[in-house]
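**Student:** please work out how this folds:
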Amino acid sequence: MRKNLSGNWKSSIIYILIPILLIAGVLLMSGQNKTTTVKYSQVVNLFRTNQVSEFEIDLSSGALKYKLFKDDDKTPLHTYSVPSVTYFIDDISESVNKYNAANPDKQIVYNYKKGSGGSVLMSLMPTILLVVIIGFFSLWMIRKMGNTIGSENNRALGFGKIKTKSGKDEEKKTFDDVAGCDEEKDELTELVDFLKQPEKYTELGARIPKGVLLVGPPGTGKTLLARAVAGEADAPFLSISGSDFVEMYVGVGASRVRDLFEQAKKQAPAIVFIDEIDAVGRHRGTGLGNTNDEREQTLNQLLVEMDGFGTNTGVIVIAATNRPDVLDPALLRPGRFDRQITVNRPDLQGREDILKIHSRGKPLAPDVDLNEVAKNTIGFTGADLENLMNEAAIIAVRNKRKAVTAQDIVDAASRVEMGTEKKSHKYTDKAKRLTAFHEAGHAVTSYFIKDYYRVKEISIIPRGLGAGGYTWFTPDEESFESKQDMLNELLSLFGGRVAEAVALGDISTGASNDLQRASEICRGMVKKYGMTEALGPVVYDEGNNQVFLGKDYGQVNNYSDDTGMRIDKEVERLMREAYAATEKILREHIDKLELVANTLLEKEKLSGEEFASLMENGYIEEPKEEETSEASEAPEVISENADAESSTVIETAVETAETEDETSDETPTTE
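**Tutor:** Coordinates of the predicted model:
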């Protein structure tokens, strides 16, 4: 830092001095070369006409100072620079001598000034100064250009080097800072033991694992686990992203891979952590027309460094990705990545442990039950839970509380899942009424589906990107999706569209997201999961949606056109039957639909308890204090809404359900 500041000061001084010196030289030169409008002949004529009373001339420089008879004592001396002192004396001596002879009492006084050696130097001073300034400036520019060229050369020489993060400036992490993945920690504990006591394993002929691949959804703690391994082993930790290897210049990526492993060998035993390795480790031979691209050369070098002719004793590579399907098989084989550890979303106990970690330093009110929060955050990752607690703390500060309450966590969950409420947005009564019936349709339909998700909250206050309202569900337990779960989901999704048609006699664009999700579920049941009798347990979707243009190019469906028509008909049948079943539910309970919709128009928002009270009693009971504290804290699954933003389709484990299986030939209205 000091060196940089010194360089900046030097540059600043130079930039300030150069213009000052130039201005000074110009001023000095202009002062020295100051000329008068009087001509030489006029000066000589003054002497010849006897107008000069006295004068003084510098014999060296020719600087002439004279005074006229008509001048008074206050008049300054006149100045002139004669071209030649000798010629000037010759021109005026006859006139001056003649005048002095005729006027002995009023003679012209001669005064000669001896020339000084510095006068010539002073006259040349402006020129010398300008030459010095220009020379100095030229030398400075040459030096500056040389430094720039040198730095560019150094940069070019170091272009193949890679900058790693050692993690020394970051807070040290251990396994105590990681929760929700106990089995994953157990597997990684062996790596720590390898790094601390390698001889214990080498005595029995065991070799240290060369690589560990952490696979899992974003936010599940893969990077945190790698940092915890380094912290537990107290080993050098070189962290880098896969995208840092990728450059447009040929050979740079491979050079950086070599440099990375050279650095790691010098610090062995060491851990090399490559985040998002899919950026450089994608399947080879997937480009169109050019398989010898820079990315493949980088991958080839990585393969050689991890398990080639050379040895990397004491270097463990930990990599993380959420796309293991795109990685090259040669990278995944034993000898390179000996272990693949899947880091899944945490279960109930894991979520509670994670919440305890992220609630450190946050005072919690007595009504906060982290176990209850964990129950209502099914499908949340560690990053989601950390964000949830942080948002809850921010809301508590905004509400001027000294501790985070259960309501703060509920509000934070709403914000995280659906965005901030747009209370300032005003809608017409017609739009509000349509939204109220749409959301009431979702809720009422779901209420009459046996063992379906319970309603967490219903609102017609706009949120998020174009969401006119929402109906928020949360499952009671984690489980795999069954066929019946998917059919139940279809009924719930159609609830909004059917409610509009049944209660208002019209339909809107608000159900577009619901219809899209319903179509995806039906196509998945038919093509991917083999859940229909018409087509049998055959998979017609083999995952052709590759991320590579080369692998997808020219690929066709693995079924005939006739089968494609049967698939379309089966999808249509499922959609029609779900629509008909939903319509039957709402027509049978039209009074409940109108009650919930009208209450929504009045209150704009209903909690799960208020909705249950409406459905059971026909009115909203005043909640008891104990019941209010037991209200579910955090959301999990949202059945999206009118104009809903494209939320993820329910992917997390949901409770097994059995629905009313009524079907009819009614065709759904389309937009």
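**Student:** how about the contacts made by the closest residue to Tyr447 other than its chain neighbours?
**Tutor:** Ranked by CB to CB, 6 or more residues apart in numbering and with sequence neighbours excluded, the top spatial neighbour of Tyr447 is Met615, at 5.5 Å. For glycine as for every other residue, the C-beta is placed from the backbone atoms N, C-alpha and C. Applying CB atoms under 8 Å, 6 or more residues apart in numbering to Met615 gives the contacts Val444, Tyr447, Lys592, Val596.
**Student:** do the same with Asn387
**Tutor:** Asn387 touches Val416, counting by CB under 8 Å, 6+ apart.
**Student:** buried ones in the helix or strand containing it?
**Tutor:** Element membership for Asn387, per DSSP states H and E: helix 382-398. Residues 382-389, 391-393, 395-396 are the ones in helix 382-398 that count as buried (16 or more other CB atoms under 10 Å).
**Student:** same question for stretch 198-218.
**Tutor:** Across stretch 198-218, burial judged by 16+ other CB under 10 Å covers Pro198, Ile208, Pro209, Lys210, Gly211, Val212, Leu213, Leu214, Val215, Gly216.
**Student:** same thing with stretch 606-613?
**Tutor:** Buried residues in stretch 606-613, counted by 16+ other CB under 10 Å: Leu606, Ser607, Gly608, Glu609, Glu610, Phe611, Ala612, Ser613.
**Student:** stretch 574-593 now?
**Tutor:** 574-586, 589, 592-593.
**Student:** again, but for stretch 65-83
**Tutor:** By neighbour count, and taking 16+ other CB under 10 Å as the criterion, the buried residues in stretch 65-83 are Lys65, Tyr66, Lys67, His78, Tyr80, Ser81, Val82.
**Student:** what does it contact?
**Tutor:** Stretch 65-83 is contacted by residues 35-36, 38, 40, 43, 46, 50-57, 61-64, 88 when judged by CB under 8 Å, 6+ apart.
**Student:** partners of the one helix or strand Thr79 maps to in the sheet?
**Tutor:** Thr79 belongs to strand 78-81 when assigned by DSSP H and E. For strand 78-81, the pairing partners within the sheet under DSSP bridges are strand 63-68 (antiparallel).
**Student:** may I have the partner strand exported as PDB, CA atoms only?
**Tutor:** This file holds the C-alpha atoms of strand 63-68, laid out as PDB (Å, rounded to 0.1, in the frame of the first residue of the first chain):
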ATOM      1  CA  ALA A  63      20.500  47.800 -22.900                       C
ATOM      2  CA  LEU A  64      20.000  51.500 -23.200                       C
ATOM      3  CA  LYS A  65      18.400  53.800 -20.500                       C
ATOM      4  CA  TYR A  66      17.900  57.500 -21.300                       C
ATOM      5  CA  LYS A  67      16.200  60.600 -20.000                       C
ATOM      6  CA  LEU A  68      14.800  63.500 -22.000                       C
END
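**Student:** nearest to Gln407 among the buried residues of stretch 574-593?
**Tutor:** For the buried residues of stretch 574-593, the closest approach to Gln407 (CB to CB) belongs to Lys592, at 28.0 Å.
**Student:** report the contact partners of that closest one.
**Tutor:** Contacts here follow CB under 8 Å, 6+ apart; on that basis Lys592 touches Val444, Tyr447, Leu614, Met615.
**Student:** any idea which element it lies in?
**Tutor:** When elements are assigned from DSSP H and E, Lys592 belongs to helix 590-603.
**Student:** past that helix, which element shows up next along the chain?
**Tutor:** Using DSSP H and E, the next helix or strand after helix 590-603 towards the C-terminus is strand 605-607.
**Student:** what's the spacing between stretch 65-85 and its chain's center?
**Tutor:** On the basis of CA atoms, centre = their mean, to the nearest Å, stretch 65-85 is displaced by 80 Å from the centre of the chain it belongs to.
**Student:** how far does it stretch from one end to the other?
**Tutor:** Using CA to CA, to the nearest Å, the gap from the first to the last residue of stretch 65-85 comes to 13 Å.
**Student:** and that stretch, average pLDDT?
**Tutor:** The predicted model assigns stretch 65-85 a mean pLDDT of 80.
**Student:** with stretch 494-504 instead?
**Tutor:** Within the predicted structure, the mean pLDDT of stretch 494-504 is 93.
**Student:** buried set for that stretch?
**Tutor:** By 16+ other CB under 10 Å, the buried positions in stretch 494-504 come out as Phe494, Gly495, Gly496, Arg497, Val498, Ala499, Glu500, Ala501, Val502, Ala503.
**Student:** among those, which ones are in helices?
**Tutor:** Among the buried residues of stretch 494-504, the residues falling in helices (DSSP state H) are Phe494, Gly495, Gly496, Arg497, Val498, Ala499.
**Student:** dump those to TSV, plus distance to Asp429.
**Tutor:** Conversion of these to TSV gives the following (distance: CB to CB, whole Å):
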residue	distance to Asp429
Phe494	25
Gly495	22
Gly496	19
Arg497	21
Val498	22
Ala499	17
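**Student:** what's the farthest-apart pair in the residues you listed?
**Tutor:** Farthest pair in those, by CB to CB: Phe494 and Ala499, 9.2 Å.
**Student:** identify the contacts common to these two.
**Tutor:** Thr445.
**Student:** in the stretch 301-450 of the chain, which spans are strands?
**Tutor:** 315-321, 339-342 (DSSP state E, counting those that start in this stretch).
**Student:** quick check: closest non-adjacent residue to Gly221.
**Tutor:** Leaving aside its chain neighbours, Gly221 sits nearest to Gly382 (4.6 Å; criterion: CB to CB, 6+ apart).
**Student:** what are the phi and psi angles of Glu187?
**Tutor:** Backbone geometry at Glu187, expressed as degrees, to the nearest 10, gives phi -70, psi -40.
**Student:** the residue nearest to it when sequence neighbours are not counted and Thr381, how far apart?
**Tutor:** Closest residue to Glu187 apart from its sequence neighbours, by CB to CB, 6+ apart: Ile341 at 5.5 Å. Applying CB to CB, to the nearest Å, one obtains 16 Å for the distance of Ile341 from Thr381.
**Student:** repeat that for Glu489.
**Tutor:** Using CB to CB, one obtains 22 Å as the distance from Glu489 to Thr381.
**Student:** okay, these two: which has more neighbours?
**Tutor:** Glu489 (27 against 22; other CB atoms under 10 Å).
**Student:** for this protein, just list every one of the strands.
**Tutor:** Along the chain, the segments classed as strands by DSSP state E run 52-58, 63-68, 78-81, 112-113, 211-215, 237-241, 270-275, 315-321, 339-342, 454-459, 470-474, 605-607, 637-639.
**Student:** hmm, back to that, what is the nearest of the buried residues of helix 382-398 to Ser459?
**Tutor:** Distance to Ser459, by CB to CB, is smallest for Ile395 among the buried residues of helix 382-398, at 17.1 Å.
**Student:** thought the closest one was touching Ala412?
**Tutor:** Yes. With contact taken as CB atoms under 8 Å, Ile395 and Ala412 are classed as touching, separated by 5.7 Å.
**Student:** could you pull out the helices for the stretch 451-600 of the chain?
**Tutor:** Using DSSP state H, counting those that start in this stretch, the helices assigned to the stretch 451-600 of the chain run over residues 483-499, 512-523, 549-552, 561-588, 590-603.
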